[in-house]
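Q: Return atomic coordinates for the entry below.
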Amino acid sequence: MPRFYDLFVLLDPEAPEERRAAIVEQVKRQIDSGGASLKGDADWGMRRLSYEIDHRREAQYHLFQFEGTPEVLTQLDRSLSIDDSVLRHRIIRLPAAPETTPSAPEEAPRRTADDRGGPRDRRDREIAPDAEAAEPVDDAEVETVVEAEAEVEAEVEAEAGVPEESAPAEVEAEPGEAAPTPEPDSAA
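A: This next block holds a predicted model:
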């Protein structure tokens, strides 16, 4: 029982125009010779691929709509799989007879890194005029902050009930000597 199908063929843009035209004619002959009937044929032209195929960013899209038997599908699949000028092909079974062959859909404009706010956008962004400029930090201010942090840590330890003796003591080495390692507490 014949059924309706869409056949999409993506042709190599680097193949000569004559070769691509020959593949289109070959598909039409195979459909007609296999007892199938071609219902529609649309050249969607050169279109950008969603992802690269064999290092190619574009392909010539061609859509065939036909009514045929499984034997025709097998022949088409085999011949298109062998041909190096065909990047991809896909046969899709339709639920009903197609009313018309769809023309090529409009391509959506590609978004760039600037549109997405990508890394280039963040790198090239200028500083807003109302943003405060960072001032150089004085070493005395850094020491004051470090001392204040040490006091806060001591207060936290005191509130937590940690005795100061249990904190490991720092051992200083004489100039030119290796620093001695503190001995672990032996509770054995």
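Q: and Leu73, how many residues sit next to it?
A: Using other C-beta atoms under 10 Å, Leu73 is surrounded by 18 other residues. All C-beta atoms are positioned from the backbone trio N, CA, C, and that covers glycine.
Q: what's the next secondary structure element after the helix or strand it falls within?
A: Element membership of Leu73, judged by DSSP states H and E, is helix 70-82. Downstream of helix 70-82, the first helix or strand assigned by DSSP H and E is strand 86-93.
Q: List the contacts of that following strand.
A: The contact list for strand 86-93, computed with C-beta atoms under 8 Å, 6 or more residues apart in numbering, reads 3-12, 23, 53-54, 56, 59, 73, 76-77, 80-81.
Q: Quick one, which of those are buried?
A: Buried residues within these, counting neighbours by 16 or more other C-beta atoms under 10 Å: 3-7, 9-12, 23, 59, 73, 76, 80.
Q: Could you find which two of those residues are furthest from each other?
A: Across these, the two members that end up farthest from each other (C-beta to C-beta) are Arg3 and Asp12, 29.3 Å apart.
Q: Take the buried ones among the contacts of strand 86-93 and keep only those in strands.
A: Among those, the ones falling in strands (DSSP state E) are Arg3, Phe4, Tyr5, Asp6, Leu7, Val9, Leu10, Leu11, Ala59.
Q: Okay, buried residues for the longest helix seen in the chain please.
A: What stands out as the longest helix in the chain, according to DSSP state H, is helix 139-160. By 16+ other C-beta under 10 Å, helix 139-160 has no buried positions at all.
Q: Extract the CA atoms of that helix and return them as PDB.
A: Output in PDB follows, covering the C-alpha atoms of helix 139-160 (Å, rounded to 0.1, in the frame of the first residue of the first chain):
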ATOM      1  CA  ASP A 139      49.100  49.600  54.400                       C
ATOM      2  CA  ALA A 140      48.200  51.000  57.800                       C
ATOM      3  CA  GLU A 141      44.500  50.500  56.900                       C
ATOM      4  CA  VAL A 142      45.200  46.900  56.000                       C
ATOM      5  CA  GLU A 143      47.000  46.300  59.300                       C
ATOM      6  CA  THR A 144      44.100  47.900  61.200                       C
ATOM      7  CA  VAL A 145      41.600  45.500  59.500                       C
ATOM      8  CA  VAL A 146      43.800  42.500  60.200                       C
ATOM      9  CA  GLU A 147      44.100  43.400  63.900                       C
ATOM     10  CA  ALA A 148      40.300  44.000  64.100                       C
ATOM     11  CA  GLU A 149      39.700  40.600  62.600                       C
ATOM     12  CA  ALA A 150      42.000  39.000  65.100                       C
ATOM     13  CA  GLU A 151      40.200  40.600  68.000                       C
ATOM     14  CA  VAL A 152      36.800  39.400  66.700                       C
ATOM     15  CA  GLU A 153      38.200  35.800  66.400                       C
ATOM     16  CA  ALA A 154      39.400  36.000  70.000                       C
ATOM     17  CA  GLU A 155      36.000  37.200  71.200                       C
ATOM     18  CA  VAL A 156      34.300  34.400  69.300                       C
ATOM     19  CA  GLU A 157      36.600  31.800  70.800                       C
ATOM     20  CA  ALA A 158      36.100  33.200  74.300                       C
ATOM     21  CA  GLU A 159      32.300  33.100  73.900                       C
ATOM     22  CA  ALA A 160      32.500  29.500  72.600                       C
END
